[in-house]
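[1] Dropping the sequence and predicted coords here.
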Amino acid sequence: MNIRTKLVLFFLVLFATFIFYFKSWSFDFVWDDLANFSTLSNMNILDAIKPSGKVLSLSSLFASNWRPLTNAIYLLFNDFSPKFAHLVNTISFSLTSSILALIIYEISKNPLISIICALLFSFHPANVESAVWSSSFSIFLVPSSLAIYFYVKSKEKTSVGFYALSLFFKESSLSLFLPFLVSLRNKLIVGIITLAYLLLRHLAVGVIPVHQKPHYDLSTIVDMIYGLGFYFKSLIFPYPFRVYTPEVPKDVFNIIFLLVVLSLMLWLFVRQKEMRFWILLLASNLILHIAVVGFERAPSVLSYRYMALSILALCVILAYIVKEQFSPMLLPCVVIYGAYSYMKMDVWQNNLTFWHEAYKTNKEDPTVLLNYGTTLLSRRDEKGLGLLWKIYKGNYSKNDRFDAGVNIMAYFYNNGDFERCVDFSKEISKLGESDLYYYLRALCLVGIGDTLRARRTITLALKKYPERPEIRQLAKILGVMTK
């Protein structure tokens, strides 16, 4: 009877979550999906294990995000289409929700509480990002949740084995280190596995590029504190659901909420021994990922995909609270969360929808303006050009103005206005340089028949960006020697 109950729970939650996110299969890539999956398409299995110099990602944070098993799945199937990426995410997220239902059942012995709390995880608005955004790479959730399940079943060897496996899917699984180190009997094995993984990761990835090394300072630490409060608030009160937050909101309420939640967690940790593992998981997951602010500052730290394991822990804590006396208020919560999450899924349908929603609340942010503008132009909407000019002529940093300028160059090139493109390239040269800048300038010089200057430009580009395949290809076409 117990096995039959577990099977019913597993497949019921699996089916409900799968159907809920089914429409994402028709969604496009958004934001940095194109860059990530383009990088993957240039890899082979060996590159996934130890990235080689020919892979562009070595000069970006994508390389330092070492996930060999996740990359291997895409490489083995050799399908980098949006539909396949969304299928993988939907299956992995649905399996995680089902495993969570089994975890909660082991704790509560109540099928109804197990279903409802697992579906709260599935339908939480913040989890829409993990389930629907391809670049969240949510496969790691399956081995991570299995590691937790076998911990609850008191099968430590199996639990530690899945923990080791999950690390090679995504670094997010390091969130399990602290709760396992505190809770498991064989702490030495957990420590050895973690250290071995970190050593392998260092050997595979190497030194992080200088321009992406951590840059912690006082303002960054302040951002982290505000960000932690924002995270806790978004876990429990995810309204209003924000698509894009360009910086950590300097909201005093975040600090107050942070202090209240930390006090409550400390009280539960001291008074409720059975909740300690879950409180540690919730906190360690957030603390681990909030450290990303040291690389990318505020925008990345507020990405909702980082909260998946924390929401999982929160759902288990909720199950502990209601297991003695089931609260019927959980049912309308699932309905509300489900309806709200379902509506917000369309935000991730395509770049235009995503950036249009972000633009509503961030009309002066250069990242929003740049992405919204270029997306509009890709759909032949001239309003996008106005947004690019707004950045270029506005009171923004040199880097932001240069990025806007390069995209304006691309607009001139795409419309066959090669002479204006060349003239404008001179104007923005004082703001910066990039591989795309030199590439576009060379193409436009060819367009006006100035092959000599095009060769000089691509020769310079080849010296600065020798790893770029499109630059090497154009150099060959122009008769410039390449190694």
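    Cool, the structure landed.
[2] okay, CA-based contacts and neighbour counts for the rest of this
    Will do.
[3] Output the lowest mean pLDDT helix or strand found in the protein.
    helix 61-64 (a mean of 47; mean pLDDT, DSSP states H and E).
[4] could you point out which element follows that one?
    helix 68-77 (DSSP states H and E).
[5] Quick check: which helices or strands does that next one pack against?
    Contact here means 3 or more CA pairs under 8 Å, 6 or more residues apart in numbering; DSSP states H and E; on that basis helix 68-77 packs against helix 33-41, helix 45-49.
[6] Swap in 7 Å and give it another go.
    Identification of packing neighbours for helix 68-77 by 3 or more CA pairs under 7 Å, 6 or more residues apart in numbering; DSSP states H and E yields helix 45-49.
[7] Any buried residues in the helix it packs on, and which?
    Under the neighbour-count criterion of 16 or more other CA atoms under 10 Å, helix 45-49 has 45, 47-49 buried.
[8] Can you pick out the most distant pair from those?
    I45 and I49 (6.6 Å; CA to CA).
[9] Only alpha carbons, please: show stretch 468-478 as PDB.
    Presented in PDB, the C-alpha positions along stretch 468-478 are these (Å, rounded to 0.1, in the frame of the first residue of the first chain):
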ATOM      1  CA  ARG A 468      36.500  34.600 -33.000                       C
ATOM      2  CA  PRO A 469      35.600  32.300 -35.900                       C
ATOM      3  CA  GLU A 470      33.700  35.000 -37.900                       C
ATOM      4  CA  ILE A 471      36.800  37.300 -37.700                       C
ATOM      5  CA  ARG A 472      39.000  34.500 -38.900                       C
ATOM      6  CA  GLN A 473      36.600  33.600 -41.700                       C
ATOM      7  CA  LEU A 474      36.400  37.200 -42.900                       C
ATOM      8  CA  ALA A 475      40.200  37.500 -42.700                       C
ATOM      9  CA  LYS A 476      40.500  34.500 -45.000                       C
ATOM     10  CA  ILE A 477      38.000  36.000 -47.500                       C
ATOM     11  CA  LEU A 478      40.000  39.200 -47.500                       C
END
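[10] got the contact list for it?
    Stretch 468-478 is contacted by residues 439, 455, 458, 462, 482 when judged by CA atoms under 7 Å, 6 or more residues apart in numbering.
[11] filter the residues you listed to the buried ones?
    So, of the contacts of stretch 468-478, 439, 455, 458, 462 end up buried under the neighbour-count rule (16+ other CA under 10 Å).
[12] where exactly do the helices run in the stretch 251-400 of the chain?
    Remark: helices assigned in the stretch 251-400 of the chain by DSSP state H, counting those that start in this stretch are 252-271, 276-290, 293-301, 308-322, 330-344, 351-361, 366-378, 383-393, 398-414.
[13] Can you pull up the most central residue in this structure?
    S136 (3.9 Å; CA atoms, centre = their mean).
[14] roughly how far apart are that residue and V30?
    11 Å (CA to CA, to the nearest Å).
[15] same thing with V182?
    39 Å.
[16] what about those two, which has more around it?
    Ranked by neighbour count (other CA atoms under 10 Å), V182 and V30 place V30 first, with 21 against 14.
[17] And what about that one, helix, strand or coil?
    Three-state call for V30 (DSSP: H, G, I helix; E, B strand; the rest coil): coil.
[18] does it really touch V347, like I thought?
    No. Using CA atoms under 7 Å, V30 makes no contact with V347, being 9.8 Å away.
[19] what's the closest of the contacts of stretch 468-478 to D251?
    The nearest one, if we look at these relative to D251 and count by CA to CA, is Y439, at 43.3 Å.
[20] Which helix or strand contains the closest one?
    With DSSP H and E as the test, Y439 turns up in helix 435-447.
[21] what is the orientation angle of that helix with helix 398-414?
    30 degrees (axes from the mean of the first three to the mean of the last three CA atoms, to 10 degrees).
[22] Run the chain-centre distance for helix 435-447.
    Centroid separation between helix 435-447 and its chain, computed with CA atoms, centre = their mean, to the nearest Å, is 32 Å.
[23] quick one: low-confidence parts of the stretch 51-200 of the chain?
    51-64 (pLDDT under 70).
[24] try it again with 90
    Scanning the stretch 51-200 of the chain for pLDDT under 90 picks out 51-68, 71-81, 109, 125-126, 129-130, 134-136, 171, 184-186, 197-200.
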